Each structure stands twice: as structure tokens, then as C-alpha cells.
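> take a look and give me a structure for this.
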Amino acid sequence: MITELHVENLAIIQKASVSFRDGFTALTGETGAGKSLLIDALELCLGERADTELVRTGATKASVQLVVDLSQNQSILRATCLLNRGKKRLRQRTLDDLEDAAEASLTHQLEKKRSLSDWAEGALRILATIYRDRELHSDSEADRGIVACVTRLQELNEKLRRIPASVLPACTASQALQLLLRQIGETSIPPEANDQAVELLGWLELTLDDSPVLVLTGFNEGKIPESINADAFMPNSLRTRLELTDNRRRYARDAYALTSVLHSRRRVIVITGRTDVK
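So this is what the prediction gives:
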């Protein structure tokens, strides 16, 4: 969209500026006021052949500048036409001459393929700019989602930076956003703390919890202690030889956890689910 037109020393116009807004624009005035000259000025910036006779009498040069707002990518192009009296060659920049500027526009940059880590860092910089004047609190209902997303994006960025650049895929901005949002979307945001709620924790987390009363559910053999005996690719004997976590270490871990839980609570209720009709 054309937003501004600036004319100086063109024919009878000494200096004039016109601003254009959304909608219909009408140029009105008396005959000879210079309405047609504004159209001529537009054509000069669009590449129309220039004539030095258009330079205002008494002036050595004339200039016309056209400002175009490319609203889709928030870029601004300026087309300038300079007429120098008495010179055969005219120095003129038109919209057709602004290809380099267009290539540097936001749209071109977003469509250019870059490393995924570059896009992740760019997304973090944009978020930092958006929220730089706002203090975010993770315990606030309004801010908790933003904090969780930004934190997850920072974690992803750190992981991407540790990956060799030759391995990371080159992608456009839209592709990078889809990949990043897919990863962030899998992150669960914990609900706001509620003193009346019953907290559900995993087995290995129980020793770190300070609740005075604990209810253990699913306390069945095979679950506690955990045992893995049917892994064709990594049997228990091979795990032992490789000094990986085997059934013996799992048993010791679960025995320690149960002992810790029983001796650190005022009351512990163990529920074993029925697995058959007997």
C-alpha cells in the first residue's frame, strides 16, 4: 500500500507531501493546482521515463519519494527519483530497482532456510522483546502457561545448541515453528496448587514427599518390587554384566524406598489390587 508521496521542485510544485490511508482517496483542486503532477510523480517512481524539463524553474534538481508499506511482512520500501537539470543521465531509483531491499524484507528472511537452533534462538529473542516490560510469575494463573512455554523453549534451545550444526535440519520459519510448537505442546502444565487436593505421585517420588499420611495403591508383586525378565534384547544377565540396572538393583532400590516411606510417615495404607477371582 502506498502510504506517502513527497515531491520537491517538480514543475510548479515547490514542496508537497501527501499521506494516503486505507480506503478511497480523492485529489481535488482548481485547474493548474498540480493534481496531475502528483500522478506524474507516482509514475516517475514506478519507472516512467524522466525529463529534466520537469525540474522547477530556478531549482537545480527535483526529487520524488514514494513510501510503500508492505503490510503482509511489515516492511517499508522507499522509491526515490532524482532529476538533475542539465545532465543527460538521470539518477533514478524506482520500485523495480529495489529488488535487493525486497530480498532483505521480513518475508524473504522468514522463507529462507536456516538451522532449527537459529530459529529457536530467534523465537526466544522475540518473546523477550514482547514480555520485557512485564514481570512474569510462575505461581500466577495468568502467567503460568507463558512461563512454562518459555521455559520449555529455553530447554529445547539448549539441547539444540549441543547438537552439531551438520545434523540439524535446515528449515523455514513456518516449518521451525511447527516443530517447536509440537515439542512444546507435549509439555504438561501442572495445575495451581490446592491444599485440599490429593496429590498423585510416582513410586520413586514418594521418598521425597513430606505428607504425613500416604496411601500406596497397586502394591502388587511385579510392580513392587519391579522385575524385568522377558527382554529379548537386554536380558537381566546381560544387564548385570554391563553393570546396568538389573533386577537385583531394582529390588534394593524398592526395598530402600519402602523402608524410607514406612519410617517417615505417621500412617501408611497399602492397597494391593486383586488380579484373579480367588
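> CA atoms for contacts and neighbours, from now on please.
Fine.
> for the residue nearest to residue 145 when sequence neighbours are not counted, what are its contacts?
Excluding the flanking residues, the one nearest residue 145 by Cα to Cα, 6 or more residues apart in numbering is residue 189, at 6.8 Å. Residues in contact with residue 189, defined by Cα atoms under 8 Å, 6 or more residues apart in numbering, are 144-145, 148.
> so residue 189: helix, strand or coil?
In terms of secondary structure, residue 189 is coil; the call rests on DSSP: H, G, I helix; E, B strand; the rest coil.
> check residue 214 too.
Classification of residue 214 using three-state DSSP returns strand.
> my guess is it contacts residue 271, does it?
No - shown here, residue 214 and residue 271 do not form a contact pair, counting by Cα atoms under 8 Å, at 10.8 Å.
> just give me the neighbour total for residue 23.
The number of residues packed around residue 23, counting by other Cα atoms under 10 Å, is 5.
> related to what we said a few turns ago, nearest to residue 27 among the contacts of residue 189?
Distance to residue 27 across those (Cα to Cα) is lowest for residue 145, with 51.4 Å.
> list phi and psi for residue 36.
Dihedral angles phi and psi of residue 36 (degrees, to the nearest 10) take the values phi -70, psi -30.
> need the per-residue pLDDT for it.
Predicted confidence (pLDDT) for residue 36: 81.
> for residue 116, see how far away residue 178 is.
Plainly put, residue 178 is 11 Å away from residue 116 if you go by Cα to Cα, to the nearest Å.
> check residue 258 too.
Residue 258 sits 45 Å away from residue 116 when distances are taken as Cα to Cα.
> which regions of the stretch 151-278 of the chain lie under the pLDDT threshold?
Low-confidence segments of the stretch 151-278 of the chain, defined by pLDDT under 70: 193, 277-278.
> just the strands from it, written as ranges.
Under the criterion DSSP state E, counting those that start in this stretch, the stretch 151-278 of the chain carries strands at the ranges 170-171, 213-216, 267-270.
> what lines up beside the second one in the sheet?
The reference is to strand 213-216. strand 267-270 (parallel) (DSSP bridges).
> mind putting the contacts of residue 189 into CSV with pLDDT?
Listed next are the contacts of residue 189 as CSV, based on pLDDT from 0 to 100:
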residue, pLDDT
144, 83
145, 85
148, 86
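> narrow the residues you listed to those in helices?
The helices, defined by DSSP state H, take in 144-145, 148 from the contacts of residue 189.
> and the gap between residue 237 and residue 228?
According to Cα to Cα, residue 237 and residue 228 sit 11 Å apart.
> all helices of the stretch 51-200 of the chain, in order?
In order along the chain, the stretch 51-200 of the chain carries the following helices (DSSP state H, counting those that start in this stretch): 99-103, 106-111, 116-130, 144-161, 173-185.
> JSON lines for those, including mean neighbour count and distance to residue 245?
Output for the helices of the stretch 51-200 of the chain, formatted as JSON lines (neighbours: other Cα atoms under 10 Å; distance: least, Cα to Cα, whole Å):
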{"stretch": "helix 99-103", "mean neighbour count": "12", "distance to residue 245": "56"}
{"stretch": "helix 106-111", "mean neighbour count": "14", "distance to residue 245": "47"}
{"stretch": "helix 116-130", "mean neighbour count": "16", "distance to residue 245": "34"}
{"stretch": "helix 144-161", "mean neighbour count": "16", "distance to residue 245": "26"}
{"stretch": "helix 173-185", "mean neighbour count": "15", "distance to residue 245": "29"}
